[in-house]
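Novice: Show me the folded form of this:
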Amino acid sequence: MPGHRFHLTLTERCNARCAHCYWDAAGVHADPGLDRVAQILSEFRRFARAHGERGRRILTLSGGEPTLRDDLKAVIRLARRRGFRVRLATNAMALDAARARSLRQAGLRMVQVSVDGAEPATFEQVRGPGSWAPTRAGIEALRDAGLFVILSLVLLPEANLEEAPRLLDLTRTLGVAGAKFARPVHAGEAARYDLAGAADYWDAYRRILAHAREIGYRRPLLLFDPLAHRLVARHPDLTRGLWGLDTALCRCERTELVEVNGATGDVYYCRLRQPLGSLDRDDLVGLWRTHPALEAIRRRSPAAACAACPAWAGCRGGCPAVTHGRTGVVANQDTDCPAVSAQGTPPATLPAGSYPRPARPSLPAAACRASRLLRSVAFYTVLRNRG
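Specialist: Down below sits the predicted model:
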């Protein structure tokens, strides 16, 4: 069975109106109180124990915009006491130096900041006029507090695809830990404005890697996309020896992301915007083991172009959230893959096979992962000492 990470939506409220947001409505439901948050964290712990998982689990706190909660510091402390390693996903617009320091004192160590443009004009095109200055100030406050900050860019056709590689320059300019890239999900605002359609994301990834090599980029570079596995197989010239590169963040058969909207109790799988059930009606462990959508994702078998692809073991047909957003089917082939686009037949629905049994990583692969981890820890240590 795969391992699990946890994601808790603390509020539906937001101080931005991003054109690509996959939430359908902002602030419709009231924020969950601390008692409700504690109940959800207890469910996450029970879930982890039921799957034989020990140690501190990774918990991402998000929204909406989680920093709009006045009690965010109390939530972080509660999560830390319950045994979670806490990560925050934010737009940073509501953060100043004092707030950033207080969050770090509460136990926060890692922050992902949404930055959907390497240039202020592009950023404000996506996130609204006047949004860049407070975002930059918030990023600098987090950095100065000694937090491990990752800038996260969602690749948007006709908005930021061309300048995406320059996010790497921005991470160095701002002195933060690194950069992360992902494709959009066709849901919510992104579907309404058709900002998550087909595009040459593959070329964007290649240009990002080429630019990283060109500028000697030596910070974490995270590609949150199953298609990134194909880069290693098809473009070793771009990936080999690139310090901090991680193309294996998305491996559905190794790690599943359990998300709960604290305001409603709805349960989600990763970025798939179809609620699987509700904490108020369903047993989370049983729901996760038997839901048809999760069964379809877990049991995908290669077909058509996927059958001959050397990246199948990691990619497994692409991102189920992206394919579901476009087609309503989680087991369809991912049409953003150039091999699928070129296969000469319509995208296939991947047949159900047996559960995958991932082989243990080879010694060289394990050593590479350990090396990346040590580099990230070293960079984080430097940031802490600065704070």
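Novice: Could you give the number of residues near Pro292?
Specialist: As a burial measure, Pro292 scores 9 neighbours (other C-beta atoms under 10 Å). From N, CA and C alone the C-beta is placed, and that goes for glycine too.
Novice: What are the neighbouring residues in contact with it?
Specialist: Listed by C-beta atoms under 8 Å, 6 or more residues apart in numbering, Pro292 has no contact partners.
Novice: Sketch out the strands for the stretch 1-150 of the chain, chain order is fine.
Specialist: 3-9, 57-62, 84-90, 110-114, 148-154 (DSSP state E, counting those that start in this stretch).
Novice: and those as TSV, adding mean neighbour count and mean pLDDT?
Specialist: As requested, these are exported to TSV (neighbours: other C-beta atoms under 10 Å; pLDDT from 0 to 100):
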stretch	mean neighbour count	mean pLDDT
strand 3-9	20	95
strand 57-62	20	96
strand 84-90	22	97
strand 110-114	22	97
strand 148-154	24	97
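Novice: now those in TSV, with distance to Gly317?
Specialist: Below are the strands of the stretch 1-150 of the chain laid out as TSV (distance: least, C-beta to C-beta, whole Å):
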stretch	distance to Gly317
strand 3-9	20
strand 57-62	25
strand 84-90	26
strand 110-114	26
strand 148-154	21
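Novice: between these, which gets nearest to Cys18?
Specialist: Minimum separation from Cys18 across the strands of the stretch 1-150 of the chain (C-beta to C-beta) falls at strand 110-114, 7.6 Å.
Novice: and that closest one, what does it pack onto?
Specialist: strand 84-90, helix 132-144, strand 148-154 (3 or more C-beta pairs under 8 Å, 6 or more residues apart in numbering; DSSP states H and E).
Novice: Next, format those as TSV and append distance to Glu53.
Specialist: As requested, the helices and strands packed on strand 110-114 are arranged in TSV below (distance: least, C-beta to C-beta, whole Å):
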stretch	distance to Glu53
strand 84-90	12
helix 132-144	29
strand 148-154	23
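Novice: which stretch among the strands of the stretch 1-150 of the chain comes nearest Glu214?
Specialist: Closest among the strands of the stretch 1-150 of the chain, using C-beta to C-beta: strand 148-154, at 18.1 Å.
Novice: who's in contact with the next helix or strand after the closest one?
Specialist: Next helix or strand after strand 148-154 toward the C-terminus (DSSP states H and E): helix 167-174. Helix 167-174 is contacted by residues 115, 118, 136, 139-140, 143, 151, 153, 177-179, 181, 208, 211-212, 215, 217, 219, 221 when judged by C-beta under 8 Å, 6+ apart.
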